[in-house]
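Chemist: Structure here, sequence nowhere to be found:
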C-alpha cells in the first residue's frame with residue numbers, strides 16, 4: 001500500500017490562529033513551508049504522493065466566510081478571497097521547495113486537492129444558461145485551478161466581478177503556474193452542502209462525476225487526474241447496512257470508468273472517503289461516511305466493516321465492473337421442435353370486411369354526371385361471392401409482417417369485450433369471431449401456429465365487457481363464471497385450429513388496477529385464479545380429447561436480486577418478492593393448491609405487529625382441487641431483473657405487505673424506460689421455476705426491450721442475443737424443459753415505449769434480421785446444425801422456381 005500524505009487537512013494549530021489570525025496572515029505561508037520541509041525530511045523517503053492542502057475552497061469560503069468550518073469566522077468576502085490567495089501562494093512555495101530540494105532523490109510527486117460541485121443548465125440549448133454554468137464552475141473550481149493548472153491567474157469572470165480580488169504580479173503568475181504534478185480532485189457531499197452557499201446561478205446541481213472530469217480535461221489541457229476524495233454519506237442511525245453508499249459508490253466509480261474508456265480522460269487513481277466513521281466537521285456525528293462502522297458510545301470503539309467496505313474490496317479485486325456470466329457463451333442448439341415465436345397484444349378485429357364490393361349485391365354506375373360518384377341502379381341485384389378471409393385488409397398486413405419474421409409461432413390476444421359485448425352469451429359477435437378464425441387459418445397457411453390469449457388486460461385497458469365492469473369486474477366472483485362461458489365459446493369456435501392457449505396474461509400485474517386496498521387486490525387475484533382453473537377444466541374435459549391442445553396462463557416473472565448481497569435481509573426480501581409476485585399464482589396451480597406459506601406467514605406477521613390489516617382469501621377444498629394442476633405448461637413473461645432491498649412499510653396495500661423497495665443499478669445497461677438489461681436473470685428465474693415447481697414444460701411467452709432507434713435498434717439485438725444465450729444455457733446445462741421462446745413484440749404502439757420489431761406504420765427494423773438468424777440457426781450452433789436431415793437432396797433451382805411461381809405460370813398459360 002502506497003502512502004499518499006496530505007500536509008494540511010484543516011488542522012491549523014490554534015497558536016497560529018490566535019497569534020497571526022490564521023490564513024488571513026501572509027506570515028503563515030513561510031511557517032507552512034517550514035512544516036512541509038520537516039515532513040519531507042522525516043517521511044519523504046517512503047512517500048511518493050504528497051498533497052499540500054485539502055480543498056482550499058472550503059477552507060477559505062467556509063472557514064473565513066460562512067463560519068461553518070474552523071476557525072468559524074464570518075468575515076467579509078474580501079477576507080475570503082485574501083485567504084484563498086494566501087493558500088495558493090503557500091501551496092506554490094511548498095511545491096517549489098519540494099521540487100528543488102527533495103524530488104531529485106525522493107522521486108515523489110506533489111499536488112493540491114481541489115474540490116468542486118457540478119452544475120448543468122436548465123435548458124441544454126440555452127447559451128445564457130450554459131454561460132451561467134461556466135461562471136458557477138469558475139467561481140468554485142476555477143478560483144484555484146486556473147492559477148495552478150492554467151495560466152497563473154484567476155478566471156476573467158472572477159476578476160471582472162470582484163474589483164477587490166487580490167492580484168498576482170507577473171512574477172507571481174509564473175511562480176504559481178504549473179505547481180502541480182497531477183490534478184487531485186475531490187467530489188463529495190462537502191462540495192454540495194449546504195447548497196445555499198453555492199453559486200448555482202439559477203442552474204441545476206448534478207452528481208455526474210464523468211461530466212466534471214470532462215470539464216477539467218477541456219479547461220486544463222488533459223491533465224493526469226487523481227480522484228483524491230469521493231464518496232457519500234448515510235444517516236447516523238445506519239450501522240453496517242449502508243446500501244445507499246454502495247449504490248452511490250457504484251455510480252461514481254462507474255462514471256470514472258466511463259470517463260477513462262469513452263472520453264480518454266487520464267484518471268490514474270481513485271480514493272474513497274473515508275476509512276472510518278468520524279467527526280464530520282459541521283455535521284459532527286450526525287452523518288457517517290466511513291467504510292467501517294464505529295460505535296461512538298462503546299468503550300472500545302470497535303471498527304466493523306460495512307457492506308460498502310466489502311463492495312469496495314470487490315471492485316478493487318476485479319479492478320472495475322464485470323458482466324456476471326456463469327459460463328462463457330455456449331455453442332449449441334435447442335431441440336428441433338423448438339417454438340420460435342413473436343408476441344402481439346390484443347388484435348383489434350375489423351367489424352366488417354373492408355372490401356364491400358364482395359358483399360354488396362347492388363349494381364352501380366360511376367361518374368354518370370361527371371361528379372365522380374357511384375349511383376345505385378334501383379331494382380337490379382347481382383350475385384355475390386361468399387365472404388372470404390382475404391376480405392379483411394388488416395389480415396394481409398399481419399401476414400406480411402409474420403412472413404418477414406420467419407417465426408414458427410404467433411401469439412396474439414382476443415378481445416373479450418368485442419366478442420361478448422354484454423359479458424354473457426346473449427349476444428355473440430360472430431363477425432369478430434370470424435375475423436379471429438380467419439387470422440388463425442391464414443397464419444396456418446404460412447406454416448405458423450397460433451398461441452391464442454383469451455384475456456389480455458393492461459394498465460390502460462382492463463378489457464372486460466362493460467356490463468361486467470359495472471358489476472365490480474374481478475371483485476365479483478360471477479366474472480369468473482362469465483369468463484368460463486367466454487373461454488368455452490372460443491374453444492368451441494377456434495379450438496380445431498389452436499394447439500396452445502393462454503387464458504389470462506399477467507394476472508399477477510392486475511394489482512396495479514385493483515389497488516384501493518390489499519384485500520381488493522387479493523380478492524381480484526383469487527377470482528382470476530378460479531376463472532383460469534374453470535377455463536382449463538372445461539377444456540380438459542370437453543375439448544382436449546379431440547382438439548389435443550394445451551392450456552396455461554402467462555405470469556410476469558422477472559428475477560429479483562438482493563440489492564446488497566452482503567445482507568441476509570436483502571436476500572430474504574428478494575425471495576419474498578418472488579413469492580409475492582410469482583408464487584402468488586404459481587403455487588396454487590403448480591404446487592399446493594394454496595397460496596405460498598411464505599406469503600401467508602409474512603402477512604400474518606405484519607397483522608400481529610399492527611402494520612397491516614391485509615388478509616389472503618382461503619381456498620375451499622373444492623377450489624384447491626380445481627386449481628391444483630390446472631395448467632399444462634408454465635408460461636412466463638420476463639423482461640428484467642429487479643434489485644431489491646428490505647424496506648419496512650406500514651399500511652394495508654399489496655405493495656406495502658411485501659416490505660420491499662427497488663434500486664436502480666447504474667452499472668447495468670438499461671433501456672429508455674429504465675429496464676435493466678441483466679441477461680443472467682432469465683436463467684436464474686428459469687432455474688428457480690424448475691427447482692420450485694418441478695420438471696415442467698416452460699414457454700417464454702414474452703421477452704423484449706424498448707429501443708428508441710428506428711433504423712439501428714442495436715440495443716434490441718444485444719438484448720435478444722444475450723437473453724437467448726442465457727436461455728440456451730438453462731436448456732442445455734441446467735436441463736430446464738424450455739419448449740419455446742416468443743420475442744416481444746411484433747408492432748409498437750404510438751407514444752408508447754418502442755418494444756416493436758415494426759413501427760406503428762409497419763416499417764421493419766434491423767433487429768428482424770438478427771432474430772431471423774437466431775431462428776434459422778435454432779440457437780448458436782457450431783459448424784453444423786443437428787436439425788438438418790443428413791442426406792437431404794438439394795432442390796434444383798428450376799424446380800424451386802416452378803413451385804414458387806405456379807400462379808404466374810398458370811396465368812401466363814391462360815393468357816396464351
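Modeler: All right, it came through fine. This one's a predicted model, so the numbers in the text were calculated from it and none came from an experiment.
Chemist: Next up, identify which helix or strand the closest residue to residue 617 other than its chain neighbours is on.
Modeler: With Cβ to Cβ, 6 or more residues apart in numbering as the measure, residue 526 is the residue that lies nearest to residue 617, at 4.3 Å, once sequence neighbours are left out. All C-beta atoms are positioned from the backbone trio N, CA, C, and that covers glycine. Using DSSP states H and E, residue 526 sits in helix 518-538.
Chemist: Which helix in the protein has the most residues?
Modeler: helix 77-101 (DSSP state H).
Chemist: Which other helices and strands does the helix holding residue 526 contact?
Modeler: Contacts defined by 3 or more Cβ pairs under 8 Å, 6 or more residues apart in numbering; DSSP states H and E place helix 518-538 against helix 478-494, strand 500-505, strand 550-556, helix 584-590, helix 621-627, helix 654-658.
Chemist: if we go to 6 Å?
Modeler: Applying 3 or more Cβ pairs under 6 Å, 6 or more residues apart in numbering; DSSP states H and E, we find helix 518-538 packed against helix 478-494, strand 500-505, helix 621-627, helix 654-658.
Chemist: Quick one, which of the ones you listed gets closest to residue 407.
Modeler: Taking Cβ to Cβ, strand 500-505 is the member of those nearest to residue 407, at 13.3 Å.
Chemist: May I have the strands that pair with the closest one, each with its orientation?
Modeler: Based on DSSP bridges, the pairing partners of strand 500-505 within the sheet are strand 449-455 (parallel), strand 550-556 (parallel).
Chemist: mind checking the SS state of the residue of the chain positioned farthest from its centre?
Modeler: Distance to the chain centre peaks in the chain at residue 379, reaching 66.5 Å (criterion: Cα atoms, centre = their mean). Secondary structure, DSSP: H, G, I helix; E, B strand; the rest coil: residue 379 is strand.
Chemist: try residue 128
Modeler: Under three-state DSSP, residue 128 comes out as helix.
Chemist: before we move on, the earlier item: now the helix holding residue 526 against strand 449-455, angle please.
Modeler: Interaxial angle, helix 518-538 versus strand 449-455 (axes from the mean of the first three to the mean of the last three Cα atoms, to 10 degrees): 140 degrees.
Chemist: hmm, who's touching helix 518-538?
Modeler: 474-475, 477, 480, 483-484, 487-488, 503-504, 507, 510-511, 514, 551, 553, 588, 614, 616-617, 626-627, 630, 652-654, 657 (Cβ atoms under 6 Å, 6 or more residues apart in numbering).
Chemist: how much does it deviate in direction from helix 478-494?
Modeler: Using the same axes, to 10 degrees: helix 518-538 against helix 478-494 is 30 degrees.
Chemist: Let me see the domain layout of this structure.
Modeler: 4-230, 333-780 (the TED database).
Chemist: show me what contacts residue 779?
Modeler: 333, 334, 728.
Chemist: Dig out what it forms beta bridges with.
Modeler: Going by DSSP bridges, residue 779 forms beta bridges with residue 333.
Chemist: Could I get the full set of strands for the stretch 151-300 of the chain?
Modeler: 183-187, 204-205, 225-230, 234-235, 267-272, 287-288, 292-294 (DSSP state E, counting those that start in this stretch).
Chemist: Highest mean neighbour count out of these?
Modeler: Comparing these by mean neighbour count (mean count of other Cβ atoms under 10 Å), strand 183-187 ranks first with a mean of 25.
Chemist: and that one, what's its mean pLDDT?
Modeler: Strand 183-187 shows a mean pLDDT of 98.
Chemist: ditto for stretch 30-37
Modeler: Mean predicted confidence for stretch 30-37 is 98.
Chemist: mind listing what's buried in that stretch?
Modeler: 31, 32, 33, 35, 36, 37 (16 or more other Cβ atoms under 10 Å).
Chemist: The third one and residue 47: what is the separation?
Modeler: For residue 33, the distance to residue 47 under the criterion Cβ to Cβ, to the nearest Å works out to 17 Å.
Chemist: Could you do the first one as well?
Modeler: Taking Cβ to Cβ as the criterion, residue 31 is separated from residue 47 by 21 Å.
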